[in-house]
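Q: Here is my input; please provide its structure:
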Amino acid sequence: MQDETDILEQDLSGLKPAEWQARLAEMAEENGMYQPLGPRHFATFIDQGNTLLVTFESRQGIQSLSETAQPLGFDLVKNLGWSHLCLISDGDTWFRDLRIYGFFDQLIDDGFFEEFDSVVFYGAGPCGYAAAAYSVAAPGATVVAVQPQATLDPRMTEWDDRFVEMRRTSFTDRYGYAPDMLDAAGQAYVLYDPYQTLDAMHAALFARPNVTRLRLPCMGEAIQTRMIEMEILYRVMSLAGSGRLTPLAFHRLIRHRRDNGAYLRNLLNRLEMQERYYLVMLLCRNVSERRRMPHFRRRLRGLELKAEAGEFRAPPPRDESAD
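A: Residues are numbered from 1 along each chain as shown. Below is the predicted model of the structure:
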């Protein structure tokens, strides 16, 4: 049989959807299991270690976020020796499908999750909803959900007008209201930007004693992408799998945002909108000293000219002798 590591190193980029799914199915069957779940869903399982990562991902998300078009969890399988169960959708479905319910029912009946020392559920956006909702199948699991929706039932979240096409989909039957499904989790973490109003409103619905809501101001509407850019997403999941993910450990990692261009631009735009020019000048000075970002340097020079004209008080120059 082909070496397991070689199998998981296959580059799936550039393939048409049917061929991509077929190749992924071959990889999974060589190492565990492949299960079709109707026209828009399927599951892959890589059987390797005593820690199980359960991810919910879309085909489109995988192909845009991974250079090799592999599910996010494959890197942890290869580098940490974890097992990986991946539920994959074609488009954003929130995994609301009777076949998905039946699949998890069967896993529960088979005692699947009991075979592992620790279980981590992960997803972002619609997939974050699914990670929270289906985590009830593995009591005691750790859940990391990035910008999840709590439900799209219009009777509860009619204020969210982003997904009106989903309003006829039932979110009130089995595995339905994601915050309630977290009651069985050992610990859950909900990551969101408080300035993304609708995301913050959903995050508020997840308030539970075992849920830690982690605020990420100015990270924008694509937190998962930013975390991949900063190379901290896998480190967060690694901490979750070893039981060492805490708010302190997370916020130490997220300090990498100080070097993320998208975050810095979001922060600059927010300070500009608030007309907090003293802080804008401090930010532009700091960024210009550390990174090659011409926009911040130009903005700093413009503010310096305004300060010289007496339009506002400029911060004092940095004391280089203290370095």
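
Q: measure Ala203 to Gln147 for me?
A: According to CB to CB, to the nearest Å, Ala203 and Gln147 sit 8 Å apart. The way it works is simple: take the backbone N, C-alpha and C, and place the C-beta from them, glycine included.

Q: Need the residues touching each of the two.
A: Tyr192 (CB atoms under 8 Å, 6 or more residues apart in numbering).

Q: Tell me which stretches of the stretch 1-150 of the chain form strands.
A: In the stretch 1-150 of the chain, the strands defined using DSSP state E, counting those that start in this stretch lie at 32-36, 41-46, 51-58, 83-89, 118-124, 142-146.

Q: one step back: compare neighbour counts for Ala203 and Gln147 and give me the winner.
A: Residue environment comparison for Ala203 versus Gln147 gives the larger neighbour count to Gln147, 28 against 25, counting by other CB atoms under 10 Å.

Q: Contacts only, for that one.
A: Under the criterion of CB under 8 Å, 6+ apart, the neighbours of Gln147 are 124-125, 128, 191-193, 196, 199, 202-203, 221, 223-224.

Q: Tell me which of the residues you listed fall in strands.
A: Here DSSP state E is the test, and these give 124, 191-192 as lying in strands.

Q: okay if I get those as TSV plus neighbour count?
A: TSV is the format used below for the ones in strands among the contacts of Gln147 (neighbours: other CB atoms under 10 Å):
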residue	neighbour count
Ala124	27
Leu191	25
Tyr192	26
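
Q: From those, pick the one nearest Asp173.
A: When the ones in strands among the contacts of Gln147 are compared for distance to Asp173 (CB to CB), Ala124 comes out closest, at 23.7 Å.

Q: start to end distance for stretch 246-264?
A: 25 Å (CA to CA, to the nearest Å).

Q: can I get the strands of the stretch 1-150 of the chain in TSV with mean pLDDT?
A: Converted to TSV, these look like this (pLDDT from 0 to 100):
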stretch	mean pLDDT
strand 32-36	95
strand 41-46	96
strand 51-58	96
strand 83-89	97
strand 118-124	97
strand 142-146	98
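
Q: would CSV of the ones you listed with distance to Gly73 be doable?
A: Conversion of the strands of the stretch 1-150 of the chain to CSV gives the following (distance: least, CB to CB, whole Å):
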stretch, distance to Gly73
strand 32-36, 12
strand 41-46, 8
strand 51-58, 5
strand 83-89, 4
strand 118-124, 8
strand 142-146, 12
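
Q: quick one: which of these is nearest Glu67?
A: With respect to Glu67, and counting by CB to CB, the nearest of those is strand 51-58 at 15.2 Å.

Q: Give me the sheet partners of that closest one and which way each runs.
A: strand 83-89 (parallel), strand 118-124 (parallel) (DSSP bridges).

Q: Asp183: which of the ones you listed is closest?
A: Of all those, it is strand 118-124 that lies closest to Asp183, at 13.9 Å by CB to CB.

Q: quick one: contacts of the closest one?
A: Contacts of strand 118-124 with the rest of the structure, by CB under 8 Å, 6+ apart, involve 50-57, 61, 72-73, 113, 129-132, 134-135, 138, 140-148, 185, 223-224, 237, 240-243.

Q: where's stretch 244-260 relative to the chain centroid, distance-wise?
A: Its chain's average C-alpha position is 14 Å from that of stretch 244-260, according to CA atoms, centre = their mean, to the nearest Å.

Q: do stretch 168-188 as well
A: In terms of CA atoms, centre = their mean, the gap separating the centre of stretch 168-188 from the centre of its chain is 18 Å.

Q: First residue to last residue on that stretch, what's the distance there?
A: Across stretch 168-188, the terminal residues are separated by 28 Å (CA to CA).

Q: picking that back up, would you turn the ones in strands among the contacts of Gln147 into JSON lines with distance to Arg255?
A: What follows is the ones in strands among the contacts of Gln147, written out as JSON lines (distance: CB to CB, whole Å):
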{"residue": "Ala124", "distance to Arg255": "21"}
{"residue": "Leu191", "distance to Arg255": "15"}
{"residue": "Tyr192", "distance to Arg255": "18"}
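
Q: Closest one to Asn79 out of these, please.
A: Nearest to Asn79 among the ones in strands among the contacts of Gln147 is Ala124, at 20.3 Å by CB to CB.

Q: beta partners of the closest one?
A: Val146.

Q: measure it to Thr55 for me?
A: Between Ala124 and Thr55 the distance is 10 Å, computed by CB to CB.

Q: contacting residues around Thr246?
A: If a contact means CB under 8 Å, 6+ apart, then Thr246 has Leu239 as its contacts.

Q: What does it show for phi and psi?
A: For Thr246, the backbone dihedrals (degrees, to the nearest 10) come out as phi -130, psi 160.

Q: rewinding a little: mind giving me the PyMOL select for the contacts of strand 118-124, buried ones only?
A: To isolate the buried subset of these in PyMOL, counting by 16 or more other CB atoms under 10 Å, use the following:
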select buried, resi 51+52+53+54+55+56+57+61+72+73+113+129+130+131+132+134+135+138+141+142+143+144+145+146+147+148+185+223+224+237+240+241
